[in-house]
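**Student:** Here is my input; please provide its structure:
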Amino acid sequence: MRRLVMTFLLLGASLVHAADLPETDWLDLMPKSDQMALEQMPEIDHDSPEAQGTFTDKGGLKQSKGLPAVMYSTKTVASMNGKHIRLGGYPVPLESDAKGRSTLFFLVPYPGACIHVPPPPPNQLVLVRYPKGLKLDDIYTPLWVTGTLKVEKVSNDLADAAYALDAGQVRVVKEEDL
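**Tutor:** You can find the predicted model right below:
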């Protein structure tokens, strides 16, 4: 019985800890040199096949050629490696389980990054692994993702990411969170 009570107390403490975890800002994932380069970047031309409603067979998220180097940056912040974080963002689903729940997805800092041009730099894309899965009805639904962040370069047909996160909790952002 005592073990059950201790387990309950520890579980409750970890849930409170996750809820109290401060939000990590997306810019915390980007070195200061990249932040300065983004601030100095000229306006991006949105005249592309994606902007006209046509996409590659992979969905259109990959970077097009000819953008400033910072838009391809995989530079990371070493102090973020292994850090337990809570990050808010929007899902770009990659894999689902048999029940249709997303178990692997990119988390991006703004809604519709999978269809806007250009997509975020790789150091602003996080691959989220969530074996429990989450039913996603809409990619425009903001999420809180809590877990351990890793500096890990990931490349697939859809996009490149400089970080991965093993999620312990994923939930939809509620109005009272704002």
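
**Student:** Could you report the distance from Ala161 to Gln40?
**Tutor:** 24 Å (C-beta to C-beta, to the nearest Å). C-beta coordinates here come from the backbone N, C-alpha and C atoms, glycine included.

**Student:** More neighbours: the two, which one.
**Tutor:** Ala161 (25 against 8; other C-beta atoms under 10 Å).

**Student:** buried set for whichever helix or strand the more buried one is part of?
**Tutor:** Ala161 is part of strand 160-172, with elements assigned from DSSP states H and E. Using 16 or more other C-beta atoms under 10 Å as the test for burial, strand 160-172 gives Asp160, Ala161, Ala162, Tyr163, Ala164, Leu165, Ala167, Gln169, Val170.

**Student:** Now the two most distant members of the residues you listed.
**Tutor:** Taking C-beta to C-beta as the measure, the buried residues of strand 160-172 span a maximum distance of 25.7 Å, between Asp160 and Gln169.

**Student:** Beyond the helix or strand bottoming out on mean pLDDT in the chain, next helix or strand please.
**Tutor:** Ranked by mean pLDDT, DSSP states H and E, the helix or strand of the chain with the weakest confidence is helix 2-20, at a mean of 42. Tracing the chain past helix 2-20, the next element assigned as helix or strand by DSSP H and E is strand 23-24.

**Student:** so where's the protein uncertain?
**Tutor:** Within the chain, the ranges that satisfy pLDDT under 70 run 1-19, 44-66, 114-117.

**Student:** Residue nearest the middle of it, spatially speaking?
**Tutor:** Closest residue to the average C-alpha location of the chain: Leu107 at 2.2 Å, with C-alpha atoms, centre = their mean.

**Student:** Confirm that it sits in a helix.
**Tutor:** No: counting by DSSP: H, G, I helix; E, B strand; the rest coil, Leu107 is not found in a helix; it is strand.
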